[in-house]
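1. Can you look at this prediction? I've put the sequence above it.
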Amino acid sequence: MTGPARRAGHKRRNDPGTGNQRPQSRRHRPVLDGARLTAYDVLDGVSSRAAYANLLLPQLLRERQLEPRDAAFATQLAYGTLRATGTLDAVLTTLVSRPLAELDPKVLDLLRLGAYQLIDLRVPAHAAVDTTVALTRAIVGTGASGLVNAVLRKVSAGGDRAAWLAALAPADEDERLSLSTDHPRWIVEAWRDALADEAEVEPALLADDTAPEVHLVARHVDRDELATESGGAAGPWSPFAVRLPSGDPGKLAAVRSGAAAVQDEGSQLAALALVRAPLE
């Protein structure tokens, strides 16, 4: 085992004789929250090696075989924290005495993970703070855990997202929309330029935050059979599409065999238009 998961399994302590650090014995290794550790590993992969979250997270969930509830929580934490990074950083900037860019990137990811739980998920402070501090102590060290503990307690004291948005006092409407909808400012400006009606900008940004459904394409299987197996429903546009309300499509026999695959219904329509176009 390598990377953050290995570091999390080796809590370190100071050696009083040399000042160096060495792993504790196996019986003293901390037991960490699997869902939160998995979410952290996704954040770390994205920030440290430009990994794709939508590829890394399913891989980690398969390897670690989390219980369905923990897997769902890890997914919510990872994707939610990444989506809200701009807003979370705006909050953390007011609470950390130096620029966030000067923090250890691992500490910054842990602060974001804890802050997201407090601001957006309303996880009780004792759970969000204590588990994040435990992760920090295992992954980075005791010194960093003190900083994370202090900052996250300030985040908790500041209230929920609405309270923090009011405290941040955005300078203008575009900044307000950027923080409240978790979009970079340049995207807010692009939507404003693209939409003729000013009133449509905020609803469009909020709709863009809605988690998309998973769409399947029936390749070598009857679509109705695929819908029955997956618990999904036939898509309204493509004759090969099945839409899933939830679940892991990678566990479906049809997907594992190649008889079906994950493909957006819009992409299916583009492929159908291409193959049905008349040849001259």
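-> Perfect, thanks for sending it. Residues are numbered from 1 along each chain as shown.

2. In which helix or strand does the residue positioned nearest the centre of the chain reside?
-> The chain has Tyr79 as the residue nearest its centroid, 1.7 Å off, counting by C-alpha atoms, centre = their mean. Secondary structure assigned from DSSP states H and E places Tyr79 in helix 68-83.

3. same deal with Ala271?
-> Per DSSP H and E: helix 265-276 holds Ala271.

4. Flag every buried residue along that helix.
-> Neighbour-count burial for helix 265-276, with 16 or more other C-beta atoms under 10 Å as criterion, is recorded at Glu265, Gln268, Leu269. (Each C-beta comes from the backbone N, C-alpha and C, glycine too.)

5. Dump those into a markdown table; add pLDDT and distance to Leu165 as well.
-> Formatted as a markdown table, these follow (pLDDT from 0 to 100; distance: C-beta to C-beta, whole Å):
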| residue | pLDDT | distance to Leu165 |
| --- | --- | --- |
| Glu265 | 91 | 35 |
| Gln268 | 93 | 39 |
| Leu269 | 94 | 38 |
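
6. Serialize the residues you listed to JSON lines and add fields for distance to Leu108.
-> As requested, the buried residues of helix 265-276 are arranged in JSON lines below (distance: C-beta to C-beta, whole Å):
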{"residue": "Glu265", "distance to Leu108": "37"}
{"residue": "Gln268", "distance to Leu108": "40"}
{"residue": "Leu269", "distance to Leu108": "41"}
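
7. re the thing from before, from the chain's centre, how far out is the helix holding Ala271? Work that out for me.
-> 30 Å (C-alpha atoms, centre = their mean, to the nearest Å).

8. So which other helices or strands are in contact with that helix?
-> If contacts are counted by 3 or more C-beta pairs under 8 Å, 6 or more residues apart in numbering; DSSP states H and E, helix 265-276 sits against strand 214-218, strand 241-244.
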